[in-house]
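**Student:** Whatever this is, show me its structure:
(3 chains)
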Amino acid sequence: MPELPEVETIRRGLAPALSGKTFAGVDTSWPRAVKAPAPERLSTELAGRCVESIERAGKFLLFRLSGERWLVLHLRMSGSLLLRRSTDPPDRFVRHVFGFTDGTELRFADVRKMGVIWLVDDPRSVTGALGTEPLSARFTRARLAAALARHPKAPVKSVLLGQRAVAGVGNIYADEALWEARIHPVRPAASLAPPEVARLHRAIRSVLREAICNRGTSKADYVDASGEKGAHQFALRAYGRAAEPCTRCGTPIERIRMGGRGTYFCPRCQTPAQLPR
DNA sequence: CGACACTCCTGATGGC
DNA sequence: TGCCATCAGGAGTGTC
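**Tutor:** Residues are numbered from 1 along each chain as shown, chains lettered A, B, ... in the order given. Okay, the predicted model is just below:
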């Protein structure tokens, strides 16, 4: 389940390998994933364009192409991107194969077929609703506080997952950041006191940065562009650790369901309400 | 606009 | 061993 650190790890693997290469075309067995242009036109519109750079916005990967066009990919739940030669043995669950003129290819594998592809003039037409990049200088405490204040009733975790307040945080890193900040996931977002917002702001940045250092979390089947697993699953403090002792206080980590998502937290460290001051 | 249910997808897993 | 229910969950859409 690629979130910001996994997508960033993939980007860092792809950028040096693909920059300067020219697309020959794309072969897709799941055209429903192609949102723009019409699926049958994707290959011809892509062919002949070269990769100028690869960027990331939240969990979206943005390929800047020659001719002022952008290939935008979202891996959703189960997508992975594999750099291969066309003569390499097949990989499982490959839905789209982007071929390059030098005989290499980028294979988009996606068990659950939820990944999405766009070829557009302006990537903001796809990513425009995203909130602030949490690792950019524009992500300030004040900006986070303002975003949280817009949700008087929604649980803080839901706001983090919503992508409009902060871009790129998914289920794993929302739980990790809230654990680090010692904030209960169901707390109404707007109820956070300034010191709590400050802790959350700091926690989001540190958790994401550490996960990037560890090349992402491989809980299920996430792999980077070389097929390598990440190592951050060994550094998780809350996510997936139900009944294990909290590394801060020893209390068993609890698992609840929030809006259909597994949510892990320490019932002692992460206070359900703001303590009296 | 906010809040929430629903939908898409299929492999892995656990119970019987 | 087979079968079924459940789970994984990002994000767009629809409804109130």
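**Student:** Give me every residue in the stretch 151-277 of chain A that's in contact range of DNA strand C.
**Tutor:** By C-beta under 7 Å from any atom of the strand, the part of the stretch 151-277 of chain A that sits against DNA strand C consists of A:161, A:163, A:170-172, A:257, A:260-262. Yep, even glycine has a C-beta here, placed from its N, CA and C like the rest.
**Student:** Quick one: buried ones out of those?
**Tutor:** Among those, the ones that count as buried by 16 or more other C-beta atoms under 10 Å are A:161, A:163, A:170-172.
**Student:** for these, which one is nearest DNA strand B?
**Tutor:** When those are compared for distance to DNA strand B (C-beta to the nearest atom of the strand), residue A:161 wins out at 11.0 Å.
**Student:** just checking, the closest one touches residue A:174?
**Tutor:** Yes - with contacts counted by C-beta atoms under 8 Å, residue A:161 reaches residue A:174, the gap being 5.6 Å.
**Student:** All the strands of the stretch 101-250 of chain A, residue numbers only.
**Tutor:** A:104-110, A:116-120 (DSSP state E, counting those that start in this stretch).
**Student:** what pairs with the shortest one, and is each one parallel or antiparallel?
**Tutor:** Strand A:116-120 sits in its sheet next to strand A:34-36 (parallel), strand A:69-74 (antiparallel), going by DSSP bridges.
**Student:** Next, residue A:236: phi, psi?
**Tutor:** The phi/psi pair for residue A:236 (degrees, to the nearest 10) reads phi -70, psi 140.
**Student:** who's in contact with it?
**Tutor:** Counting by C-beta atoms under 8 Å, 6 or more residues apart in numbering, residue A:236 touches A:172, A:176, A:217.
**Student:** Against residue A:88, how distant is the first one?
**Tutor:** Which is residue A:172. 30 Å (C-beta to C-beta, to the nearest Å).
**Student:** quick revisit: for the buried ones among the residues of the stretch 151-277 of chain A next to DNA strand C, which two are the farthest from each other?
**Tutor:** Using C-beta to C-beta, the two most remote members of these are A:163 and A:172, lying 14.7 Å apart.
**Student:** unless I'm mixing things up, residue A:216 is touching residue A:234, no?
**Tutor:** No - between residue A:216 and residue A:234 no contact is recorded; they are 11.8 Å apart, counting by C-beta under 8 Å.
**Student:** who has more neighbours, these two?
**Tutor:** Set residue A:216 next to residue A:234 and count neighbours by other C-beta atoms under 10 Å: residue A:216 wins out with 27 against 9.
**Student:** Skipping adjacent residues, who's closest to the more buried one in space?
**Tutor:** Closest residue in space to residue A:216, ignoring its immediate chain neighbours: residue A:230 at 3.3 Å, by C-beta to C-beta, 6 or more residues apart in numbering.
**Student:** Next, the spatially closest residue to residue A:243 that is not a sequence neighbour: phi, psi?
**Tutor:** Excluding the flanking residues, the one nearest residue A:243 by C-beta to C-beta, 6+ apart is residue A:252, at 5.1 Å. The phi/psi pair for residue A:252 (degrees, to the nearest 10) reads phi -60, psi 130.
**Student:** so residue A:252 makes contact with residue A:246?
**Tutor:** Yes - look at residue A:252 against residue A:246 with C-beta under 8 Å: they come within range, at 7.3 Å.
**Student:** the more surrounded of these two?
**Tutor:** Under the criterion of other C-beta under 10 Å, the comparison of residue A:252 against residue A:246 puts residue A:246 first, with 20 against 14.
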